[in-house]
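Engineer: A structural model of the following input is requested.
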Amino acid sequence: MTFLFHLVSKRNINPANFIEKNLEQKLLILSMDAEKIKPWEQIDINKQKEGFDVWKEIDEYEEIIRKFFSEEIHPDRFKGYRLNFGTYGVRHHPEGMHMQRVKIPSGFIFSEQLRVVADVVEKYAGSGHGHLTTRQDIQLHYVKLENVPDLLRMLAKVGITTREACGNTVRNITSSYLSGICPNEIFDVLPYAIYCTRYFLRHPLTSTLPRKFKIAFSECEKDEALVRIHDIGAVAQITKNGKEQRGFKVYVGGGLGPVPVEAKLLIDFVKDYELYPLIESVIYVFHKYGTEERKFRNKARLKFLIARIGFEKFKELVFQEFEKLKKVREEIKDELIQYVENFPLPAPTKTGREDGPQNEKKLKQPKMKPNLSDPKFKLFLEKYTFKQKQEGFFGIYVKPPLGNLKPDDFRAIADLAEIYGAGYVKITPGQKILIPWVEEKFLYDIYAELSEKGFINGKVPESAREIVSCPGAFSCKLAVTHPYNLAEHIWENVENLEGLRIHISGCPNSCGQHHIGDIGFYGASAKVDGKIAPYYIVLIGGYGFEQKAKFGDVIGRIPAKNAPLFVKEVVELWKKERKDGEKFYEFVERIGEEKFKEILAKYSKVSPSDPDVFREPGISEEFKMEAEARGECAGSLIDLMAINLFDAFRNIYDIKVEEKLYGVKRNSIKEKILDAIIKCAKMYDYLEGEEPQEEEKILNIFVERILPKRWFCSDWSDLKQKYYEVKSEDFEKISEPKIKEFIKYATNFVKDAEKAFVRLKPNLKIQECIRQKEEHVPGE
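Structural biologist: Predicted coordinates:
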């Protein structure tokens with residue numbers, strides 16, 4: 001879901017400038033009468049960013065798709081483009097079929113929007129369902145590529161976006177699903193998290209990072225957002241030095257994947273309005289210094305940069321940048337205050353926001369009398385409800401097996417949220433949906449409706465609703481196994497998990513977060529009597545809450561067919577020997593891992609004569625290793641070109657910051673102009689089979705061999721001359737208008753280089769630009 005008016009621009013505009021120019025207009029929009037506009041419209045960035053046209057953006061994507069089908073654009077270049085729109089390749093299918101990820105910031109979505117998601121799933125998802133992810137997104141599987149633009153248009157009409165849901169970007173920003181209703185919360189972080197989404201979406205740097213970047217917010221020490229497994233984790237704090245000041249404790253450099261790392265404490269307290277330039281500083285350092293990480297895709301996350309240069313050096317670089325950005329992002333303070341005060345969170349109660357949008361569809365009185373002797377109702381109260389800090393109100397969990405919901409399921413949940421709640425829901429990292437603000441008197445009514453619709457007391461056992469799983473080989477190219485099938489096999493054998501959290505991934509990349517499950521599995525293979533068989537690596541005792549990341553220990557591997565038997569015996573051991581209040585990782589530490597290894601050993605032995613050894617649960621065909629070695633975000637020569645372009649972007653970004661901070665009369669701005677020109681010229685020299693290092697040769701190849709091909713839309717025949725003119729000047733002495741002319745020249749050259757890169761064809765040539773009048777003058 002796209003939220004908030006968008007303060008940052010497309011790649012070539014400084015976010016701070018946008019904030020400064022449009023603050024008054026956006027605050028006016030926020031203060032509009034809630035009855036005149038719908039709640040989601042108050043925070044729809046597609047409508048409230050001046051100069052940005054979401055419809056034009058989708059039209060441009062549609063044109064790129066057309067060029068891909070007509071083979072006018074290189075597949076690798078197209079891949080990078082579609083990933084920025086959340087369109088991901090799927091297993092066993094050519095480029096015509098995809099997974100479409102929908103960005104739902106903090107998992108927060110209004111009922112009206114959820115119904116549109118249902119319509120989109122029904123119309124476009126070949127799988128017939130939408131999948132709730134561990135990043136509070138919604139995924140649609142097996143979507144035809146030609147249908148994606150119309151799908152995006154349907155979502156955009158209700159303020160939902162897919163931008164930067166995949167690729168080397170800032171991914172969906174998550175927050176605790178209990179924020180706003182948690183009895184122990186320090187303050188509600190939801191407005192801050194969604195403001196963060198707004199700030200970094202389409203930011204000049206955030207779609208050109210070395211690798212993906214994940215941010216999470218928690219409202220209390222319990223930490224349902226799992227901040228220690230994120231690149232940036234922010235936990236609410238308040239200081240009281242005469243005056244109360246909201247802020248955040250910030251962790252940095254965490255992550256799962258094949259090499260899990262616990263995030264380190266970056267700062268104990270940063271003021272709320274300074275959090276955003278601090279995060280921007282971390283992103284900047286990652287963008288600028290992650291050059292080595294860009295070369296090795298499996299080690300391109302922020303955690304590897306920190307490991308390479310050392311945490312103290314990393315902190316030094318971050319805080320150097322932070323001191324600059326604080327000064328050029330001063331506008332955030334007033335705007336954030338207004339934004340938080342006016343955030344349209346419907347909570348029409350004495351302890352909530354009485355001035356929030358009212359939910360007129362909510363029932364006034366219960367429809368039925370509670371049957372308090374119903375044992376299933378008692379189980380519902382125990383496992384499906386959360387007592388809010390607001391007296392008399394509850395949050396209700398909807399737990400779809402494997403996080404999969406059909407269109408009518410989405411519609412039913414949207415209706416329940418309006419009838420009994422506040423007209424919105426939150427997706428949780430545990431692949432559940434929370435309906436908040438249900439009054440106690442309606443608990444039996446909503447229980448009865450959930451039962452009737454099969455969300456509880458249905459055909460699937462309770463254990464089916466407690467397993468977290470990625471789709472695995474159902475759709476993912478990297479997956480080794482089918483976690484869905486294992487999950488179903490587990491719940492067929494184990495009716496009650498006794499509160500244990502089972503996390504399953506189809507490969508080591510940990511999309512199912514197997515590292516932090518009480519029991520974790522990830523897909524693998526092994527040879528049995530010379531034949532490949534499906535296996536799972538088993539981890540035990542993981543935990544990710546309370547601002548700690550205890551990663552499960554690998555205790556061995558198990559044939560896929562026997563994994564449910566292992567789970568069943570562990571559950572029995574846990575039920576028999578646990579102590580009151582004991583967490584499972586504490587239980588593992590107390591009784592020791594050897595006990596679990598003994599259980600695993602019982603089920604690790606198989607007979608080559610058993611055909612089920614060579615099949616995954618629920619699959620009749622013999623197992624085959626079909627996982628791809630490279631992920632969707634990996635690259636080639638295209639990456640080499642892109643790295644140069646991304647560096648040029650950052651130079652232009654730096655110029656804008658320095659110009660605002662110090663003025664233009666600085667030789668450091670000169671160096672950045674020169675570097676931007678060289679980087680963009682050099683990236684095209686690669687297509688000539690050249691890798692020149694000297695500036696003279698780089699410029700000569702570009703002017704003499706690249707420009708005659710008419711790949712660029714503007715006339716850059718004077719590029720070499722302009723480069724040396726800039727180089728010869730002392731920026732601290734020449735006139736300000738002259739410097740601004742140089743800045744504009746370099747900025748337009750970088751823009752044109754980007755446009756040409758989009759037109760890269762499969763034969764590594766660039767489609768000629770059909771030059772338009774307004775594109776002829778570089779200095780315009």
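
Engineer: low-confidence bits of the stretch 201-350 of the chain, can you list those?
Structural biologist: 344-350 (pLDDT under 70).

Engineer: the helices in it, which residues?
Structural biologist: With helices called from DSSP state H, counting those that start in this stretch, the stretch 201-350 of the chain shows them at 275-289, 291-295, 302-309, 311-328, 332-342.

Engineer: which helices and strands sit right next to the first one?
Structural biologist: Right, helix 275-289. The helices and strands touching helix 275-289, judged by 3 or more Cβ pairs under 8 Å, 6 or more residues apart in numbering; DSSP states H and E, are helix 190-200, strand 232-240, strand 244-252, strand 264-271, helix 302-309, helix 311-328, helix 637-662. All C-beta spots, glycine's among them, are computed from the backbone N, C-alpha and C.

Engineer: right, so these: which one is the most enclosed?
Structural biologist: Using mean count of other Cβ atoms under 10 Å, the stretch among the helices and strands packed on helix 275-289 with the greatest mean number of neighbours is helix 190-200 (a mean of 26).

Engineer: avg pLDDT for that one?
Structural biologist: Along helix 190-200, the predicted local confidence has a mean pLDDT of 93.

Engineer: with just CA atoms, put that helix into PDB.
Structural biologist: The C-alpha atoms that make up helix 190-200 are tabulated as PDB, following Å, rounded to 0.1, in the frame of the first residue of the first chain:
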ATOM      1  CA  LEU A 190       3.000   3.400  13.000                       C
ATOM      2  CA  PRO A 191       3.000   7.000  11.800                       C
ATOM      3  CA  TYR A 192       6.800   7.100  12.000                       C
ATOM      4  CA  ALA A 193       7.200   3.900  10.100                       C
ATOM      5  CA  ILE A 194       4.900   5.000   7.300                       C
ATOM      6  CA  TYR A 195       6.500   8.400   7.200                       C
ATOM      7  CA  CYS A 196       9.700   6.500   6.700                       C
ATOM      8  CA  THR A 197       8.200   4.700   3.800                       C
ATOM      9  CA  ARG A 198       7.100   8.000   2.300                       C
ATOM     10  CA  TYR A 199      10.500   9.500   2.800                       C
ATOM     11  CA  PHE A 200      12.600   6.700   1.100                       C
END
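
Engineer: packing partners for that helix?
Structural biologist: Contacts of helix 190-200 with other secondary structure elements, assessed using 3+ Cβ pairs under 8 Å, 6+ apart, are made with strand 174-175, strand 215-218, helix 275-289, helix 332-342.

Engineer: and I540, how far from I558?
Structural biologist: Per Cβ to Cβ, to the nearest Å, I540 is found 12 Å from I558.

Engineer: repeat for S127
Structural biologist: As judged by Cβ to Cβ, S127 and I558 stand 28 Å apart.

Engineer: neighbour-wise, which of the two wins?
Structural biologist: With other Cβ atoms under 10 Å as the criterion, S127 and I558 differ in neighbour count, and I558 comes out ahead with 26 against 19.

Engineer: I'd assumed Y603 was in contact with that one.
Structural biologist: Yes: A contact is recorded between I558 and Y603 when judged using Cβ atoms under 8 Å, the distance being 5.8 Å.

Engineer: quick one: G430 is in a strand?
Structural biologist: No: per DSSP: H, G, I helix; E, B strand; the rest coil, G430 lies outside any strand segment and is coil.

Engineer: how about it, what does it touch?
Structural biologist: Contacts for G430 (Cβ atoms under 8 Å, 6 or more residues apart in numbering) come out as T134, V468, R501.
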